[in-house]
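Colleague: A structural model of the following input is requested.
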Amino acid sequence: MRKDNTEFSESDEDNWTDEDADDNKRPNFPDFEKVINKGIESLGGYAFAKLNWSAPKDATWVSFGNSLKCYSAADILLLLKASDFVSYDILAPFSLCSDAPASEQAYSNLKLILRRWHDFRPEGEFRCFVKSRSIIAISQRNWDAYFTFVDTEQANIVQAITKFFKEKVKDRFPLQNYVLDVYTSQNVRWH
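Modeller: So this is what the prediction gives:
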């Protein structure tokens, strides 16, 4: 007997459906997947995938090894579907902008970007805040972790970032105010 005093019968089981029964209604893009797989192969067999604006960094929990390293179109599609960052880029890219376009045409400009995979160490990633073409702040990208390298090399890191910015970015980038992400190796060389 159930709590509502109705009896359970075997006919109740007949009303259940199997989710796989709707397989023929699921979207299927074999040509698109072939293009992605060829792109991955051309990049050495694995790649980093992102849309124009965002990478699915918030979806690593769904991938093998908690990584953004993708070996196939299936890996990429899984990450993209699981990412809130990507969903936002697709569904509401200008929702918080006061000067959002009347008709959001961003949808037609979305691009899937594949890049050659590189194993980056999280302690080498930094975010620079630029105002009036000058760096006003530098922070770790991974603010929630302590890295001995960052602590011991702080002065060298700031000096190297400042030098890199002045020599490679400042007079080449047209905006006055922006955010710049950089990466350094343990011997503070820039890539």
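Colleague: need the helices for this structure, in chain order.
Modeller: 10-13, 30-42, 73-82, 84-91, 148-152, 154-164 (DSSP state H).
Colleague: dump these into TSV; add mean neighbour count and distance to residue 180 as well.
Modeller: For every residue, glycine as well, the C-beta is placed using N, CA and C. Listed next are the helices of the chain as TSV, based on neighbours: other CB atoms under 10 Å; distance: least, CB to CB, whole Å:
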stretch	mean neighbour count	distance to residue 180
helix 10-13	8	60
helix 30-42	14	27
helix 73-82	19	25
helix 84-91	16	19
helix 148-152	12	17
helix 154-164	14	9
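Colleague: residue 130 is nearest to which of those helices?
Modeller: Distance to residue 130, taken as CB to CB, is lowest for helix 154-164 among the helices of the chain, at 11.1 Å.
Colleague: the spatially most central residue of the chain and residue 176, how far apart?
Modeller: The centre of the chain sits closest to residue 55, judged by CA atoms, centre = their mean, with a distance of 1.5 Å. Noted for residue 55: a distance of 26 Å to residue 176, by CB to CB, to the nearest Å.
Colleague: break this protein down into its structural domains.
Modeller: 21-116, 122-183 (automatic domain parsing).
Colleague: now the ones you listed as JSON lines including mean pLDDT?
Modeller: Compiled in JSON lines, the domains of the chain are given as follows (pLDDT from 0 to 100):
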{"stretch": "domain 21-116", "mean pLDDT": "84"}
{"stretch": "domain 122-183", "mean pLDDT": "93"}
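Colleague: now the residue nearest to the centre of the chain. Nearest residue, chain neighbours left out?
Modeller: The shortest distance from residue 55 to any non-neighbouring residue, by CB to CB, 6 or more residues apart in numbering, is to residue 68 (6.5 Å).
Colleague: which residues does the one you found contact?
Modeller: 48-49, 55-57, 60, 79 (CB atoms under 8 Å, 6 or more residues apart in numbering).
Colleague: what's the answer for residue 82, then?
Modeller: Residues near residue 82 by CB under 8 Å, 6+ apart: 56, 59, 61-62.
Colleague: measure the residue lying closest to residue 181 once chain neighbours are set aside to residue 110 for me?
Modeller: Spatial nearest neighbour of residue 181, excluding adjacent residues (CB to CB, 6+ apart): residue 127 at 5.5 Å. Here the criterion is CB to CB. By it, residue 127 lies 24 Å from residue 110.
Colleague: again with residue 169
Modeller: 27 Å.
Colleague: dihedrals phi and psi, the closest residue to residue 132 other than its chain neighbours?
Modeller: With sequence-adjacent residues excluded and distances taken as CB to CB, 6+ apart, residue 132 is closest to residue 176, at 5.7 Å. Residue 176 adopts backbone torsions of phi -90, psi -40, taken as degrees, to the nearest 10.
Colleague: in this structure residue 176 contacts residue 134, no?
Modeller: No. The criterion here is CB atoms under 8 Å, and residue 176 misses it with residue 134 at 9.5 Å.
Colleague: fine by me, thanks again.
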